[in-house]
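Trainee: Here you go, sequence then predicted model.
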Amino acid sequence: MAYRCAILDDYQNVALKMADWSPVAKDVDITVFNAPLGDKDKVIRALADFDIVVGMRERTPFPRAVIEALPNLKLLITTGARNASFDLAAAKERNVVVCGTPSIGNPTAGIAIGLMLEITRRIGLENARMKSGGLWQTTVGLDLEGQTLGVIGLGKLGAQELNFASDLDVVFVYEGEGTAEFRRGAELAERVLEGIRDAGWEPDADLRPEGRSGPIARSFAAYLEYWERYAETWEYQSLLRSRFVAGDEGLGRRFCSFASDFAYPDYLPVERVGEIRRMRERIERERVRPPEASRFHFKLGYGSLADVQFAVELSLMRFGGRHPEIRTHRTLDAIERLAATGRFRVTMGDTINVFLAQQRISAADFLGGKGVREAAERFKADKKVFAEAVAIMGLKSE
């Protein structure tokens, strides 16, 4: 007997084209709904006989009342990694498995181009005004001719490790040395930041040279001068995660290429090793409250995500100059490469397991206290991972 599967809200008629359904064709009878099902009662009536439901993001919510009213439901799937409209507690009580899907392709570039058009020409806003019969051409567009701006991602954005609580760390680079270029670069950078906020994200440009005291955008030549004459060790460390994310690709990649030369020196003096370690201690001392919580703070405390990250980045700076094969933006990739070349003291499996477990608990912390308790209990219940974490963190198992 085949399972019945409903694919919901496929307004664009793409669900059956964007995935290979042939492996389950013999066992699953698929029905695609191209229009909204309506209110809660209509959803329940339409899906009463289905075993599997695939939801398109949050278009059709699945609160407790809906889940409890679907007697055959066994598997609830969402496009994307998380769906805030699914009542996970109700699904768990009903033994309904909930899972998500990975992203397909790389939509970042297309989204970035769309944001740039909206930021510079307000195309979406003006289109909506015109269609509604209101005044249009109410804004003055920013002329891009002769302008080159590169948007560089740092931190978790650069490393492609964004989580629920992440800011988007960015810096801006432009080509040219005159006053006019400086003014245009700063104006466009501000427009980009505004567009990011309008899209629901929180940008952070404070990792730029001189932080909030410095200009929002600098020329490529100005960056080179700063790195050569004024930059501190932690600023070179931040360049390990530099990645071009939007704007002029040639300029952005040239920025990242030169940034890599500073991030991966041929030799890392012992004084800089000490500076990195002192910076890590300072972060824990100044940002963990109360101080006694440092032994158990999963993000910034002793043996935390920050400790794993700093240990990995210190190793990359020590060995990456002479061994380009270990260079990478991403923490897990770096752990694997460092372990494979014998440059990481603890085993790769230990470190990866602890890093992933800490990430889960950090995400749960952002989502709410109950999630923290549940994630921590799952972490502790996995005795192998918990024992590895205890050993690496230097804690006592209780």
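Mentor: Received it, and whenever you're ready, just let me know what you need. Numbers count the residues shown, from 1 in each chain.
Trainee: low pLDDT regions in this structure?
Mentor: Low-confidence segments of the chain (pLDDT under 70): 103-109, 112, 119, 142-147, 164, 293-304, 344-398.
Trainee: Centroid-nearest residue for it?
Mentor: By Cα atoms, centre = their mean, the mean C-alpha position of the chain lies nearest to residue 162, the distance being 1.7 Å.
Trainee: Chain neighbours aside, what residue packs nearest to it?
Mentor: residue 156 (5.1 Å; Cβ to Cβ, 6 or more residues apart in numbering). To be clear about C-beta, it is placed using only N, CA and C from the backbone, and glycine gets the same treatment.
Trainee: right, and the helix or strand after the strand or helix carrying that neighbour?
Mentor: If you go by DSSP states H and E, residue 156 is part of helix 155-159. With elements assigned by DSSP H and E, the helix or strand that comes after helix 155-159 is strand 168-174.
Trainee: Tell me which other helices or strands that following strand touches.
Mentor: strand 149-153, helix 155-159, helix 179-198, strand 203-204, strand 217-219, helix 220-229, helix 249-263 (3 or more Cβ pairs under 8 Å, 6 or more residues apart in numbering; DSSP states H and E).
Trainee: Would you map the strands across this structure?
Mentor: In the chain, the strands defined using DSSP state E lie at 3-7, 28-32, 52-55, 75-78, 97-100, 149-153, 168-174, 203-204, 217-219, 243-247.
Trainee: quick one: strands adjacent to the third one?
Mentor: When you say that, I think you mean strand 52-55. strand 3-7 (parallel), strand 75-78 (parallel) (DSSP bridges).
Trainee: quick check: angle from the longest one to strand 28-32?
Mentor: On the basis of axes from the mean of the first three to the mean of the last three Cα atoms, to 10 degrees, strand 3-7 is oriented at 20 degrees to strand 28-32.
Trainee: what comes up buried for strand 3-7?
Mentor: 4, 5, 6, 7 (16 or more other Cβ atoms under 10 Å).
Trainee: Disregarding residues adjacent in the polypeptide, which is nearest to the first one?
Mentor: Leaving aside its chain neighbours, residue 4 sits nearest to residue 50 (4.7 Å; criterion: Cβ to Cβ, 6+ apart).
Trainee: Do I have it right that that neighbour meets residue 6?
Mentor: Yes. Counting by Cβ atoms under 8 Å, residue 50 touches residue 6, with 4.5 Å between them.
Trainee: Now the common contact residues for the two.
Mentor: Residues touching both residue 50 and residue 6 (Cβ atoms under 8 Å, 6 or more residues apart in numbering): residue 31.
Trainee: can you put the strands of the chain in TSV and add distance to residue 226?
Mentor: Converted to TSV, these look like this (distance: least, Cβ to Cβ, whole Å):
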stretch	distance to residue 226
strand 3-7	52
strand 28-32	55
strand 52-55	48
strand 75-78	45
strand 97-100	42
strand 149-153	14
strand 168-174	11
strand 203-204	19
strand 217-219	7
strand 243-247	19
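Trainee: And for stretch 170-178, what's in contact with it?
Mentor: 147-154, 157, 181-182, 184-185, 188-189, 192-193, 196, 203-205, 207-208, 216-221, 223, 245, 248, 251-252, 255.
Trainee: now stretch 65-77: how far from the chain's centre is it?
Mentor: 31 Å (Cα atoms, centre = their mean, to the nearest Å).
Trainee: mind starting the numbering at 52 from now?
Mentor: Fine by me, first position is 52 from now on; the one you just mentioned is stretch 116-128.
Trainee: Identify the residue spatially nearest to residue 225, adjacent ones excluded.
Mentor: Closest to residue 225 by Cβ to Cβ, 6+ apart is residue 236, at 3.5 Å.
Trainee: What about the closest residue to residue 168 other than its chain neighbours, how many residues nearby?
Mentor: Leaving aside its sequence neighbours, residue 168 sits nearest to residue 174 (Cβ to Cβ, 6+ apart; 5.1 Å). By other Cβ atoms under 10 Å, 13 other residues sit near residue 174.
Trainee: quick revisit: wait, the residue nearest to the centre of the chain touches residue 220, no?
Mentor: No. Under the criterion of Cβ under 8 Å, residue 213 makes no contact with residue 220, lying 10.1 Å away.
Trainee: got any residues that touch both of the two?
Mentor: residue 207.
Trainee: From one end of stretch 316-326 to the other, what's the distance?
Mentor: 15 Å (Cα to Cα, to the nearest Å).
Trainee: for stretch 270-289, same thing?
Mentor: 19 Å.
Trainee: re earlier: dump the helices and strands packed on strand 219-225 into JSON lines; add mean neighbour count and distance to residue 153 as well.
Mentor: Formatted as JSON lines, these follow (neighbours: other Cβ atoms under 10 Å; distance: least, Cβ to Cβ, whole Å):
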{"stretch": "strand 200-204", "mean neighbour count": "26", "distance to residue 153": "20"}
{"stretch": "helix 206-210", "mean neighbour count": "21", "distance to residue 153": "18"}
{"stretch": "helix 230-249", "mean neighbour count": "17", "distance to residue 153": "24"}
{"stretch": "strand 254-255", "mean neighbour count": "18", "distance to residue 153": "25"}
{"stretch": "strand 268-270", "mean neighbour count": "23", "distance to residue 153": "34"}
{"stretch": "helix 271-280", "mean neighbour count": "15", "distance to residue 153": "35"}
{"stretch": "helix 300-314", "mean neighbour count": "17", "distance to residue 153": "25"}
